[in-house]
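Trainee: for reference, the sequence and a predicted model appear below.
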Amino acid sequence: MSAITGKVIAITGASSGIGEATARHLAGEGARVVLGARRIDRLETLVDAIRAKGGTGFCRALDVTDRADMETFAREAVREYGRLDVFINNAGVMPLSPLDALKVEEWDRMIDVNIRGVLHGIAASLPIMKFQGTGQIINLSSIGGHAVSPTAAVYCATKFAVGAISEGLRQENDGIRVTVISPGVTESELAETISDETARETMQGFRRIAIPAAAIARAIGYAVAQPDDVDVSELIVRPTASPY
């Protein structure tokens, strides 16, 4: 039996990429997964596939920028399965552009999803976990949360923020495990949100060495599978050939 078996795990941004791969991996290890994203049709297809393989889970449409929606998401996990063991703040956007392109609306979107979304996930799950006396919050950052690159200033700022928020959360809660996963270039739909032509062309070059989303899912599974007294605080997972 896997150390993950029976855990109730909520995942945001689960309709594609890392979120989808993580849902499949953890369900395959025996977790009961609760999946949220905007594209409910894709979530329903994913849940059907998980159940067809003997897994357990359900899904609901979710907007991580809406605090009330996130709180309902967490409560429904508890209502369905009686507890909430792990909350994975995975939803994110990455519309890269040079600052002088002044794509302010895209900056705002990154702040809303990448920072506020994580804070809403913490606000939704932390009270439940403190009441239980145990739990784990996993926040997806990026190698962009460790070094800044051209066209990625705002994106990197949001991922640096995820690291700072996570470290503060860890220090303040000795009964709750807090993990930051920082992927390098990974196969996902994030690059499709890039509207700036220069940034899009640059990212296409980076993505030639992208690792599969399943690699990040396995790293998340490793962190989840540790005993309650072991906190894998941070993992960076990047392509072997990555220069960054």
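Mentor: Nice, I can see it. Residues are numbered from 1 along each chain as shown.

Trainee: for the protein, which helix is longest?
Mentor: Taking DSSP state H as the criterion, the chain has its longest helix at helix 153-172.

Trainee: show me which positions of that helix end up buried.
Mentor: Going by neighbour count (16 or more other Cβ atoms under 10 Å), the buried part of helix 153-172 is 154-163, 165-166, 169-170. All C-beta atoms are positioned from the backbone trio N, CA, C, and that covers glycine.

Trainee: what's the closest of those residues to residue 81?
Mentor: residue 169 (23.3 Å; Cβ to Cβ).

Trainee: in stretch 28-46, what counts as buried?
Mentor: Buried, per 16+ other Cβ under 10 Å, within stretch 28-46: 28-37, 42-44, 46.

Trainee: contacts only, for the residue nearest the centre of the chain.
Mentor: To find the centre residue of the chain, average its C-alpha atoms and take the closest one (Cα atoms, centre = their mean): that gives residue 90, at 1.4 Å. Residues counted as contacts of residue 90 (Cβ atoms under 8 Å, 6 or more residues apart in numbering) are 11-14, 18-19, 22, 140.

Trainee: now, of these, which are buried?
Mentor: Buried residues within those, counting neighbours by 16+ other Cβ under 10 Å: 11-14, 18-19, 22, 140.

Trainee: in helices, which of the residues you listed fall?
Mentor: Using DSSP H, the members of the buried ones among the contacts of residue 90 that fall within helices are 18-19, 22.

Trainee: now render those as TSV, adding pLDDT and distance to residue 58.
Mentor: Shown next, in TSV, are those (pLDDT from 0 to 100; distance: Cβ to Cβ, whole Å):
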residue	pLDDT	distance to residue 58
18	97	20
19	97	15
22	98	16
